[in-house]
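Colleague: predicted model, plus sequence, below.
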Amino acid sequence: MGFKEQINQDRIPRHIAIIMDGNGRWAKRQGLARMFGHKQGVETVHRITEAADELGIQYLTLYAFSTENWKRPAMEVNAIMQLLDRFIKDAKEDNDKNKIRYVFLGDKSGLAPILADKCTELERLTENNSSLLNIALNYGGRAELVYACRKLAERGGEITEADVSAALYTGHCGDPDLIVRTAGEYRLSNFLLWQSAYAELYFTDTLWPDFSETDLSAAVMEFSRRKRRYGGV
Ligand code: IPE
Ligand code: IPE
Ligand code: MG
């Protein structure tokens, strides 16, 4: 029996968010420069996007680049931006067969204008597709809250929790049910601070480039066994 059959279909997370960590360590272990870890990490993105779809996950959110990742050496940042550029190009070419809707979460104005435009183009091209893939790029949870506060202050009037949720970058899809972090770190690193309030958290030592369909299924299986109480009994 495969994983899919073993998981109670009523208890599948609707929305999974993943902190894709460990690319650098993966490369180091192979005796390679860090950028090769990122390159391999992109392969995992393709694999896991497909696997999530097969498992029946509606929304997938991937943390690709944080507002703090600009602190890294310019060579590494450039390599990551080049990989993103390539990723977007491939996504456009594969649009007919993949039917993925891409949404970028984060501040596009902090990106190179050409890359920002390509992100917007991909969003427009795919906006009517059914399976949603959010890519958090130049994303920070605190920056996002400031962005939402400014929007709401401009609008004026009463502010409810629902208003804040709607003003965030994730207004179109809501909160993740499950947050996965790879590579054995136990922190959120400024990811989805508001949206993670009642998310189930799952940590694995597996480095992102090694993260497989089986690892994803194991996380979903674990989620299906959790009891979510939301403060109740
Ligand atoms: C995650 O892998 C990818 C990004 C943050 C862009 P890392 O590059 O953080 O890998 P480690 O944590 O150094 O191994
Ligand atoms: C979090 O990973 C950001 C992404 C996965 C894009 P980091 O590797 O940047 O996080 P820290 O520095 O270990 O907290
Ligand atoms: Mg890291």
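Modeller: Arrived safely, thanks for sending. Ligands and ions are numbered 1, 2, ... in the order given.

Colleague: alpha carbons only for contacts and neighbour counts from here, please
Modeller: OK.

Colleague: how about the residues of the chain near ligand 1?
Modeller: For the chain, the residues in contact with ligand 1 (C-alpha under 6 Å from any ligand atom) are 20, 21, 22, 23, 24, 25, 64, 65.

Colleague: okay, and which of these map to helices?
Modeller: 23, 24, 25 (DSSP state H).

Colleague: just give the number of residues close to the first one.
Modeller: Think residue 23. Residues within reach of residue 23, counting by other C-alpha atoms under 10 Å, total 23.

Colleague: use 112 as the first number for this chain going forward.
Modeller: Sure, I'll start numbering at 112, so the last one becomes residue 134.

Colleague: hmm, it is touching residue 145, no?
Modeller: Yes. Taking contacts as C-alpha atoms under 8 Å, residue 134 lies within contact range of residue 145: 7.0 Å.

Colleague: quick one: mean pLDDT for stretch 199-210?
Modeller: Stretch 199-210 carries an average pLDDT of 95.

Colleague: what's the end-to-end length of that stretch?
Modeller: End-to-end distance of stretch 199-210 (C-alpha to C-alpha, to the nearest Å): 14 Å.

Colleague: do stretch 262-276 as well
Modeller: 12 Å.

Colleague: show me what the lowest-mean-pLDDT helix or strand in the chain is packed up against.
Modeller: Least confident helix or strand of the chain, by mean pLDDT, DSSP states H and E, is helix 114-117 with a mean of 76. Under the contact definition 3 or more C-alpha pairs under 8 Å, 6 or more residues apart in numbering; DSSP states H and E, helix 114-117 sits against helix 324-336.

Colleague: can you give me the buried ones in the helix it packs on?
Modeller: 324, 327, 328, 330, 331, 332, 334, 335 (16 or more other C-alpha atoms under 10 Å).
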